[in-house]
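Generate coordinates for the sequence data below:
(2 chains, ligands or ions: 2)
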Amino acid sequence: MHPAFSIIFFTTASGAGYGLLFALGLLVPLGLLPQGSGFGFVALAVGLGLVTAGLLSSMLHLGHPERAWRALSQWRSSWLSREGVMSLLTYAPAAVFGIAWVFFGEPGGVAGLFGWLMAALALVTVYCTAMIYASLKTIRQWHNPYVPPNYLLLSLASGLLLANTLAALFGGARGWLLVLGALALAAAWVAKEAYWRAFGTAGPTATPESATGLGRLGRVRLLEAPHSEENYLLKEMGFRAGREHAERLRMIARGAGFAAPLALTLLAWLTGGVVAAVLLVVAVLAAAAGLIAERWLFFAEAKHTVINYYGGARAA
Amino acid sequence: MTSLPEPMPGAKKLGLVIDLDTCVGCHACAVACKEWNTGGHMAPLTDLAAYGADPDGVWFNRIHSFEAGEQGHGCTSRTVHFPKSCLHCEKPDCVTVCPTGASYKRAEDGIVLVNESLCIGCKLCSWACPYGAREFDEDVGVMKKCTLCIDRIYNPHLEAEERVPACVMVCPTSSRHFGDLGDPDSAVSTLVRDRRGYDLMPEMGYQPVNKYLPPRPRPVVPEDQRVARNAGQPSRAEKGFAELLRWVDKALTR
Ligand code: SF4
Ligand code: SF4
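Ligands and ions are numbered 1, 2, ... in the order given. So this is what the prediction gives:
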């Protein structure tokens, strides 16, 4: 599948944003993260900012962005619609929780309930995003039970990393949360490796033989394509990642997305203070690059059944 | 509504039956489709750089050609021309994934359509179609697809015999048949039964309404009656003579 930058940016940025909102909404009401309104303002601004930037970027990908509101109507059948509804719903408790915390310095009590509601909706939104992909039977790399846990763990790991970094910048880093952040990164890494092992380069479920029904005659080979130049289908779904290129990006995803932030988080736990804050900022930058590589691969390595009509996995 | 209509017993399922035995791959159906539909229900079928080096445009019907069977051995493999358009599936995820309600399946005849004024151009439906039957119109910003010529088949302004899809109307070998596949006694259903028509990619579970009729088995020519591999190639003397003629021709035209 064609790796469109707008969708890569949307899924990574909003994933991290929702992960951060989840951490804040869950932990702040319990008094487990800094309570100051300064921290509250910055942390919520980062979380909501990432989420909003992601949503706007995904709207730019549309043919008719001005009609985007229509996407809220079909939540009964469509995961994309559900994602839209959930992402908007998350803003409501976020607003109550944020106002109570930032303007009234009151993130606990009743406001805390709104924090928890925000945390829950943030997770549900990420799950909906994952299900948009996981529900597409046409793409083996997406239609499998690995995809939702992958998305949730990546969102959680990147969100916790942001929460730790912001807390450290405000001088309120928590040792146990750093360890938890490192564990989340490790879990996300393991899940991603398992996914790559199972589906990284697998072909589509269907074959040129079943796609044409001509398997009864023997092996099926494309003799003549219907058109001389690339059409929409080939541009959108015929994308093929170069093997070496993919391998390189996988190393970037491993190193920058998982190994570096993991090591830096643990180092920050050991050092503490200003050094920890600096280390964590570097970890965030590395993770951003790594996650973009990871998401590029998620699209670029996904093979759609339509390539069976263009010479199978051999098609460009 | 992008939820699918409740399937009703005896409901109409309009669709096509395509005969891969007789299709000669002339692309007439694709051209007739383009011509009718660029002025029809889903108009226009935009072309980008139609006369440039890299022409690109929206088509509802595309004709692939495949070689099937033992390859590199002229006698046992077959060339099969393979027209492909929307199969108006009974369980089409292209409809259910649509977030806006733009994509829908009609309860009355099973035709799958896009309401262009609702479509936001998210392209998700084209990702959900296993068959590559939906093409995005960059220019208009909405998804386009085969309508089964809904503006012909119910069109009272056309003669009764013209109330069929444009592709069916034009096919010079009558390889395309249109009818109600929900009615077991219809001509198309009978054809499917007699010729063992089949579904494309049944493993996807979309239950396409359109059916394909397989190429009929061809008699295998016994080994000793086969034409030699170099048959039709000129002999050495013939080659020399041709060379001479070319030289004469050159000399005379100088
Ligand atoms: S062929 Fe594709 S576009 Fe047509 S109904 Fe089936 S899934 Fe939908
Ligand atoms: S491109 Fe249009 S028809 Fe297709 S899923 Fe999106 S809104 Fe629906």
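
how far does stretch A:205-223 sit from the chain's center?
Averaged C-alpha coordinates place stretch A:205-223 at 36 Å from its chain's average position (C-alpha atoms, centre = their mean, to the nearest Å).

Okay, strands next: where are they in the chain?
Using chain A. Along chain A, counting by DSSP state E, strands occupy A:220-224.

To clarify, I was referring to chain B.
In chain B, the strands defined using DSSP E lie at B:14-19, B:47-48, B:56-57, B:62-68, B:78-84, B:103-105, B:112-114, B:134-137, B:142-145, B:176-180, B:211-213.

and those as JSON lines, adding distance to B:V97, mean pLDDT and mean neighbour count?
In this view, the C-beta of every residue, glycine as well, is placed from N, C-alpha and C. Converted to JSON lines, those look like this (distance: least, C-beta to C-beta, whole Å; pLDDT from 0 to 100; neighbours: other C-beta atoms under 10 Å in any protein chain shown):
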{"stretch": "strand B:14-19", "distance to B:V97": "21", "mean pLDDT": "98", "mean neighbour count": "25"}
{"stretch": "strand B:47-48", "distance to B:V97": "26", "mean pLDDT": "92", "mean neighbour count": "14"}
{"stretch": "strand B:56-57", "distance to B:V97": "25", "mean pLDDT": "94", "mean neighbour count": "19"}
{"stretch": "strand B:62-68", "distance to B:V97": "22", "mean pLDDT": "95", "mean neighbour count": "22"}
{"stretch": "strand B:78-84", "distance to B:V97": "21", "mean pLDDT": "95", "mean neighbour count": "22"}
{"stretch": "strand B:103-105", "distance to B:V97": "8", "mean pLDDT": "97", "mean neighbour count": "24"}
{"stretch": "strand B:112-114", "distance to B:V97": "13", "mean pLDDT": "97", "mean neighbour count": "23"}
{"stretch": "strand B:134-137", "distance to B:V97": "11", "mean pLDDT": "97", "mean neighbour count": "22"}
{"stretch": "strand B:142-145", "distance to B:V97": "12", "mean pLDDT": "97", "mean neighbour count": "24"}
{"stretch": "strand B:176-180", "distance to B:V97": "27", "mean pLDDT": "98", "mean neighbour count": "22"}
{"stretch": "strand B:211-213", "distance to B:V97": "25", "mean pLDDT": "98", "mean neighbour count": "24"}
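
need these in CSV with distance to chain A, can you?
Shown next, in CSV, are these (distance: least, C-beta to the nearest C-beta, whole Å):
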stretch, distance to chain A
strand B:14-19, 11
strand B:47-48, 10
strand B:56-57, 6
strand B:62-68, 4
strand B:78-84, 6
strand B:103-105, 9
strand B:112-114, 12
strand B:134-137, 5
strand B:142-145, 6
strand B:176-180, 16
strand B:211-213, 6
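
Out of these, which gets nearest to B:P5?
For the strands of chain B, proximity to B:P5 was assessed by C-beta to C-beta; strand B:103-105 is nearest, at 6.0 Å.

Give me the residues contacting the closest one.
B:1-2, B:4-5, B:88, B:92, B:94-95, B:98, B:111-115, B:119, B:125, B:143 (C-beta atoms under 8 Å, 6 or more residues apart in numbering or on different chains).
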